[in-house]
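Asks: Quick one, what's the 3D model for this:
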Amino acid sequence: MHTPRVSYAHLGAKVNSKHVDSLLTFFQEGVKPASKDRYGVEIEHLPVLHGSDLSVPYQGEAGVKALLMALRPYYQADLEYWERGQLLGLGRPGISISLEPGAQVEASIGPLDQADQLTGIYEDFRRELDPLADGLGFRLVTYGYQPRSSFTDIKVIPKSRYQSMTQYLGAQGQFGLCMMRCSASTQVSIDYRDEADAIAKLRLGSALGPILALFFRNSPYFEGQTNPYPLLRQRIWDFTDFQRTNIIPGLFDPRFSWEDYAIDVLATPLMALDLTHTPEAVGQSASQLQRSAFRENAADVYPDRRLNDYEVRHLLSTHFNDVRLKNLVELRHWDSLPIDRAQALTSLVGSLFYDPDRFRPLADWSQGLSEADVFAAKADIQAHGPRSHPYGRDMDQWRDLLAVPQIQEPGSSDPDHPGVAQH
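Replies: As a prediction, this is how the structure comes out:
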């Protein structure tokens, strides 16, 4: 392994070279040929009670846990996820169901060979789920933030990782607990062909993500009031924990590599430790296998050896950059969307990132940007919304350039639109 260009010695952070190699191998294993350009789509849903539109808890006879239990016959028993006696996830080929900290229901769909396959799989999911949820007295809505409930009203589900995140993020930034308990997103994952292609997609996704987020924004509410922020999701994440969110450090440096990203992940405190798949930890108690790690990074807690895939995936999941690298490129800017808008977004992502005639000129443009340029564009959009001029173009010009479809934003005519609570 060559010597890293980025040194964290001045921060006192230890980075194990075998751990770095493990992440690089994981990234390399994600390489796909052009013929395998596929999609993964995650849509998070907010469970709200009929009538009041208040959030639905995980526990209780009519809670989200009861919904998962009722859904079990539709999914494979060997793909269920349980933790300490609690059902927290379901799965079958093509789709898995998991829970975010505030009992948001996430549907992860894919891999999809074509973007237009999304709607059919999603509609099957809702056709099975909606009658069961209705029978329990609630429904799932697709907004970027809970319509009525405050983060103080919502309990975190019984998952060890989320207990640690509550303690850590609750003390780090302005909106960590709001993010965990009340927010919901749409995320689109895409394949890459090699390291250069992955980095080009990370850069372009980071530069264009806020622009697309404005066109697809879907957060009418914040803490029971009208949302005051043009991009609520961006505002929340940018003020959650800067060392693991926002733009990947160094991404727009022309020398940036997978190794730089690996070192950044490995040098950062873990927040939540998971040793459940670490052979050397066999025999430790449950509280030792999954615990908080606010000051320890990977070199402090994992053995001096190459990491297995489970350990690598856990480490990568402790970072929440605007665009995240795993064994795919995960675009994370967008609010939870109803299926017609999620389908339009996924198709647009495909045209921008998989069509060489569209991708190459955009990638060349983004390669000429600096990190400061992207921060300035984000700030412009956050301050001025539809009247902003990111990178010197107004939003109408960006709509035309990117061929963003005209899709009506939700409003009072939306049958799921619950109105705004007056406090």
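Asks: switch to C-alpha atoms for all contacts and neighbour counts from now on
Replies: Will do.
Asks: Helices of the stretch 151-300 of the chain, residue ranges please.
Replies: With helices called from DSSP state H, counting those that start in this stretch, the stretch 151-300 of the chain shows them at 160-169, 176-182, 195-215, 232-238, 258-267, 286-289, 298-301.
Asks: what's the closest of these to residue 16?
Replies: For residue 16, the closest of those is helix 298-301, at 5.6 Å, according to CA to CA.
Asks: which helices and strands sit right next to that closest one?
Replies: Counting contacts by 3 or more CA pairs under 8 Å, 6 or more residues apart in numbering; DSSP states H and E, helix 298-301 packs against helix 258-267.
Asks: partners of residue 145 in the sheet?
Replies: When assigned by DSSP bridges, residue 145 has beta-bridge partners residue 183.
Asks: So which bits of stretch 352-370 are buried?
Replies: 352-354, 359, 362-363, 366-367, 369-370 (16 or more other CA atoms under 10 Å).
Asks: what does that stretch rub up against?
Replies: Residues outside stretch 352-370 that contact it (CA atoms under 8 Å, 6 or more residues apart in numbering): 37, 200-201, 203-204, 207, 252-254, 351, 402.
Asks: Just give me the closest of these to residue 182.
Replies: Each of the contacts of stretch 352-370 was checked against residue 182 using CA to CA; the closest is residue 207, at 26.0 Å.
Asks: The closest one contacts residue 372, doesn't it?
Replies: No. Using CA atoms under 8 Å, residue 207 is not in contact with residue 372; the gap is 10.8 Å.
Asks: between those two, who's got more neighbours?
Replies: Neighbour comparison, residue 207 and residue 372: the larger count goes to residue 207, with 30 against 10 (by other CA atoms under 10 Å).
Asks: ok, now which ones touch that one?
Replies: Counting by CA under 8 Å, 6+ apart, residue 207 touches 366, 374.
Asks: Now secondary structure and pLDDT too, for the buried residues of stretch 352-370, in TSV please.
Replies: Conversion of these to TSV gives the following (DSSP: H, G, I helix; E, B strand; the rest coil; pLDDT from 0 to 100):
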residue	secondary structure	pLDDT
352	helix	98
353	helix	98
354	helix	97
359	helix	98
362	helix	98
363	helix	98
366	helix	98
367	helix	96
369	coil	98
370	coil	98
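Asks: Please enumerate residues in contact with the longest strand seen in the chain?
Replies: Longest strand in the chain, counting residues (DSSP state E): strand 39-49. For strand 39-49, the surrounding residues in contact (CA under 8 Å, 6+ apart) are 54-56, 64, 103-115, 118, 137-143, 145-146, 182, 184-191, 336-337, 346.
Asks: just how off-centre is it within its chain?
Replies: 11 Å (CA atoms, centre = their mean, to the nearest Å).
Asks: elements contacting the following helix or strand past that strand?
Replies: Counting by DSSP states H and E, the element after strand 39-49 in chain order, helix or strand, is helix 64-71. Packed against helix 64-71 by the contact rule (3+ CA pairs under 8 Å, 6+ apart) you find strand 86-92, helix 118-135.
Asks: residues of the longest one that come out buried?
Replies: In other words, helix 118-135. Buried residues in helix 118-135, counted by 16+ other CA under 10 Å: 118, 121-122, 125, 129, 132-133.
Asks: What of stretch 100-117?
Replies: By neighbour count on 16+ other CA under 10 Å, the buried set for stretch 100-117 is 100-112, 115.
Asks: With respect to residue 167, which of these is nearest?
Replies: Closest approach between the buried residues of stretch 100-117 and residue 167, by CA to CA: residue 101, at 12.6 Å.
Asks: The closest one contacts residue 161, doesn't it?
Replies: No. Residue 101 is beyond contact range of residue 161, at 9.1 Å (criterion: CA under 8 Å).
Asks: how about the nearest residue to the residue nearest in space to the middle of the chain, chain neighbours excluded?
Replies: Central residue of the chain (CA atoms, centre = their mean): residue 332, 4.8 Å from the mean position. Nearest in space to residue 332, with sequence neighbours left out and distances taken as CA to CA, 6 or more residues apart in numbering, is residue 187 at 4.9 Å.
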